[in-house]
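Novice: next comes the sequence, and after it the predicted model I'd like to discuss.
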There are 2 protein chains.
Amino acid sequence: MPESDYPDIRGLHLFTEMSDEHFNALMRGSYVQNFPPQIDLIAEGDPSDFLHVVLTGSVELSSSWNGRETSMATVRPVSTFILAATIKDAPYLMSAKTVEKSRIALIPSQDVRNVFDVDPNFARAIVTELAQCYRSVVKSQKDLKLRTSLERLANYLLRQQIKFDGAAEFELQLEKRRLASFLGMTPENLSRAFKGLQPYGVKVNGNHITIKDQDDLMRFAKPTPLIDDYSI
Amino acid sequence: MPESDYPDIRGLHLFTEMSDEHFNALMRGSYVQNFPPQIDLIAEGDPSDFLHVVLTGSVELSSSWNGRETSMATVRPVSTFILAATIKDAPYLMSAKTVEKSRIALIPSQDVRNVFDVDPNFARAIVTELAQCYRSVVKSQKDLKLRTSLERLANYLLRQQIKFDGAAEFELQLEKRRLASFLGMTPENLSRAFKGLQPYGVKVNGNHITIKDQDDLMRFAKPTPLIDDYSI
DNA sequence: TTCAATACTTGATAAATGTCAAGCATTGGA
DNA sequence: TCCAATGCTTGACATTTATCAAGTATTGAA
């Protein structure tokens, strides 16, 4: 891997605290590649040979069964994916595909496991990251099981609003059909759900969202940190 | 904690490989308690002061929002719960309550974090356990998003059957209303779902399940290791 | 700029799931 | 042993969500 890419990766929580020696050892076997949009990076069921790091662009994680498919998450820079499969040396549970043109680092899983055993700081970082991932899925599970699709959309919009520093207007970061799948509904239903939020001051124009009265929407959405705050 | 309880805990994957010294250090601050059925052990949102280990009995993990409640998992001996909250020193995302009379070990979270930093074997075990937990939730998420309630029940029964070494008859380990909630449906719907599986050779009598023709049920359920095999 | 491909929306309808109410079955004290 | 409490089942109905089909809007490449 060219050393010019090191700083981006070094900046990740996962790699900030480890020793230079171990970091360099990890990087030696790794490489960075540019991918066009819509490229399949991994398929669920494949052996987990590499830990992936998204440096630019975005990657969608999805799963299929019996001819159906669902979007599980979208990974944005700078973060890793399929850490758990790498750690366990087990097959991927999700497929990954670039959404847009993306720059991705590939770190051999065996190297990750080796360095884990000798660098306590890296070990600590990995376990923190994994715990974070675990808690994110649990939150998402609660969202799915406890809320209707309208409530899920309302809370999604409020989470996005927080990402944009509480701005009253912002752009959706996902295509609507992808968002629908992520929220566990059909694209048709998402269209209707947006209409269903009009009485609470939500306006939609293409990807542009306007939230007229945040409090009004919050009274309906009833967000809670134990589902909606991905930082804890 | 009485030393007589040590072996049960030592037998857990999480604790087998660590040094005696560190294990004893962990145990010193811990204690074991017997709880009657239906006792609230932790509430979601509480700070995570202890890592819990179920030695006997069983514990249900659940979550609530806006007056609704859902069963997230049932923990059986010998295993831990709320490991992720302990590691992150973050609030619990789920509540826990004994289902039956249970014997539970409580290990101070701070001690777990301290020993993690000094015992590489323990660190490795924790990260493996966490990766396992993460992958379990992802599988459960796929189950929920990709399958109908009838398909979820069919696959649940096949998973239970495997637990009982493929026996054609076995007892449900959960109350039906708990099972319904775990599978993301109402008790009424679960009743109807059992009827819906009759054409595939499933017979129900109270908690007693008979699967007349496993192949028949499998043709309907279409189980896949990437959702249904909790060992990978 | 044009046009074909793709995404999105809408309405009509169907299927899945939830709710309510009532009755039956089981269970665990008194 | 009895019976009250709880869980389970069933039917009728309501709601939610999905499907299908058609039309509109948007996008990207020639």
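Specialist: Structure's in. What do you need?
Novice: looking at chain A, which helix or strand does the model trust least?
Specialist: Least confident helix or strand of chain A, by mean pLDDT, DSSP states H and E, is helix A:6-10 with a mean of 90.
Novice: does the helix or strand just after it come close to chain B?
Specialist: Heading C-terminal from helix A:6-10, the first helix or strand you meet, by DSSP states H and E, is helix A:13-16. No. In terms of CB under 8 Å from any CB of the partner chain, no part of helix A:13-16 sits within range of chain B; the closest distance is 12.4 Å. Heads up, the C-betas are built off the backbone N, CA and C, glycines and all.
Novice: starting at the chain centroid, how far to helix A:13-16?
Specialist: Mean C-alpha position of helix A:13-16 versus that of the full chain (CA atoms, centre = their mean, to the nearest Å) differs by 17 Å.
Novice: pull stretch A:185-193 out as PDB, backbone CA atoms only.
Specialist: Provided in PDB are the C-alpha atoms of stretch A:185-193 (Å, rounded to 0.1, in the frame of the first residue of the first chain):
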ATOM      1  CA  MET A 185     -40.400  -1.700   3.800                       C
ATOM      2  CA  THR A 186     -41.200  -1.500   0.100                       C
ATOM      3  CA  PRO A 187     -40.400   1.600  -2.000                       C
ATOM      4  CA  GLU A 188     -44.200   2.100  -2.500                       C
ATOM      5  CA  ASN A 189     -44.700   2.100   1.200                       C
ATOM      6  CA  LEU A 190     -41.900   4.600   1.700                       C
ATOM      7  CA  SER A 191     -43.600   7.000  -0.700                       C
ATOM      8  CA  ARG A 192     -46.800   6.700   1.400                       C
ATOM      9  CA  ALA A 193     -45.000   7.000   4.700                       C
END
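Novice: please identify the buried residues of that stretch?
Specialist: Neighbour-count burial for stretch A:185-193, with 16 or more other CB atoms under 10 Å in any protein chain shown as criterion, is recorded at A:185, A:189-190, A:193.
Novice: circling back: what is the least confident helix or strand of chain A packed up against?
Specialist: helix A:20-28, strand A:50-56 (3 or more CB pairs under 8 Å, 6 or more residues apart in numbering or on different chains; DSSP states H and E).
Novice: coming back round to it: filter the buried residues of stretch A:185-193 down to the ones close to DNA strand D.
Specialist: Contacts with DNA strand D within the buried residues of stretch A:185-193, as defined by CB under 7 Å from any atom of the strand: A:185, A:189.
Novice: quick one: closest of the helices and strands packed on helix A:6-10 to DNA strand C.
Specialist: Among these, strand A:50-56 comes nearest to DNA strand C, with 20.8 Å by CB to the nearest atom of the strand.
Novice: show the end-to-end separation of stretch A:41-54, please.
Specialist: From its first residue to its last, stretch A:41-54 covers 11 Å (CA to CA, to the nearest Å).
Novice: that stretch close to chain B?
Specialist: Yes. On the criterion CB under 8 Å from any CB, stretch A:41-54 is in touch with chain B at A:44-45.
Novice: what does that stretch contact?
Specialist: Residues from elsewhere that reach stretch A:41-54, judged by CB atoms under 8 Å, 6 or more residues apart in numbering or on different chains: A:9, A:12, A:35, A:59, A:63-64, A:75-83, A:85-86, A:88-98, A:102-109, A:112, B:226.
Novice: just stretch A:175-192 next, same as before
Specialist: By CB under 8 Å, 6+ apart, stretch A:175-192 touches A:60, A:62, A:69-74, A:99, A:144, A:149, A:152-153, A:156, A:172, A:174, A:193, A:207, B:144-145.
Novice: just to revisit the earlier point, can I get the least confident helix or strand of chain A in PDB? Just the C-alpha atoms.
Specialist: C-alpha atoms of helix A:6-10 as PDB (Å, rounded to 0.1, in the frame of the first residue of the first chain):
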ATOM      1  CA  TYR A   6      -1.500   5.400   5.800                       C
ATOM      2  CA  PRO A   7      -2.800   8.600   7.600                       C
ATOM      3  CA  ASP A   8      -6.400   8.000   6.600                       C
ATOM      4  CA  ILE A   9      -6.400   4.600   8.100                       C
ATOM      5  CA  ARG A  10      -4.200   5.500  11.000                       C
END
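Novice: which residues does that helix contact?
Specialist: So helix A:6-10 is contacted by A:15-16, A:23, A:27, A:53, A:55, A:78, A:105 (CB under 8 Å, 6+ apart).
Novice: and stretch A:59-75, C-alpha only, in CSV?
Specialist: Output of stretch A:59-75 as CSV, limited to C-alpha atoms (Å, rounded to 0.1, in the frame of the first residue of the first chain):
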residue,chain,number,x,y,z
VAL,A,59,-20.6,0.7,0.5
GLU,A,60,-24.0,-1.0,1.0
LEU,A,61,-24.2,-4.2,3.1
SER,A,62,-27.1,-6.4,2.1
SER,A,63,-28.4,-9.9,2.6
SER,A,64,-30.6,-12.3,0.6
TRP,A,65,-32.7,-15.3,1.2
ASN,A,66,-35.0,-17.2,-1.0
GLY,A,67,-35.0,-14.6,-3.8
ARG,A,68,-35.6,-11.7,-1.4
GLU,A,69,-33.0,-9.1,-0.6
THR,A,70,-32.7,-6.5,2.2
SER,A,71,-30.3,-3.6,2.9
MET,A,72,-28.7,-4.1,6.2
ALA,A,73,-26.5,-1.0,6.5
THR,A,74,-24.5,1.6,4.5
VAL,A,75,-20.9,2.1,5.4
